[in-house]
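Engineer: Next input, structure requested:
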Amino acid sequence: MNGSFLPVMLLLHKNIANVEDIIDQNQGLKVIHYACYFGKVKALKTLVELYKPNLNSIDYRGQTPLHVASASGELSSIVFMCSKSE
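Structural biologist: Down below sits the predicted model:
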């Protein structure tokens, strides 16, 4: 999943998938969690601007996308998520 987020964005655009869908059933991760984990800031910006995901959604371990970005050491994702926090 370290590649392009374009296929995911296409599924969202065509309403085949919803931004709040869990895409990893084992961990309860959503698209925004993966974008944060892999430091995909362009994808994050698009997700937030177009699809308005819950930035505080939690996975099965109670981690928000910001927690996931922090755990993976993705500084660009951390900075972006902090800039969007209320």
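Engineer: Run the chain-centre distance for stretch 72-79.
Structural biologist: 12 Å (CA atoms, centre = their mean, to the nearest Å).
Engineer: Run through the strands of this structure in chain order.
Structural biologist: 22-24, 29-30 (DSSP state E).
Engineer: If you average pLDDT over each of those, which is lowest?
Structural biologist: Mean pLDDT is lowest for strand 22-24 among these, at a mean of 90.
Engineer: if we can go back for a sec, now distance to residue 15 too, for the strands of the chain, in TSV please.
Structural biologist: C-betas here are computed from N, CA, C, even on glycine. Formatted as TSV, those follow (distance: least, CB to CB, whole Å):
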stretch	distance to residue 15
strand 22-24	16
strand 29-30	16
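Engineer: So residue 29 sits against residue 23, correct?
Structural biologist: Yes. Assessed by CB atoms under 8 Å, residue 29 is found in contact with residue 23 at 6.3 Å.
Engineer: ok, the two, which is more surrounded?
Structural biologist: The residue with more neighbours, out of residue 29 and residue 23, is residue 29; 21 against 16, by other CB atoms under 10 Å.
Engineer: give me every residue that touches the residue nearest to the more buried one when sequence neighbours are not counted.
Structural biologist: Nearest residue to residue 29 in three dimensions, chain neighbours excluded: residue 59, at 5.2 Å (CB to CB, 6 or more residues apart in numbering). With contacts defined as CB atoms under 8 Å, 6 or more residues apart in numbering, residue 59 is in contact with 27, 28, 29, 30, 33, 68.
Engineer: and which of those residues is nearest residue 14?
Structural biologist: residue 30 (17.8 Å; CB to CB).
Engineer: how far away is that closest one from residue 19?
Structural biologist: Using CB to CB, to the nearest Å, we find residue 30 at a distance of 7 Å from residue 19.
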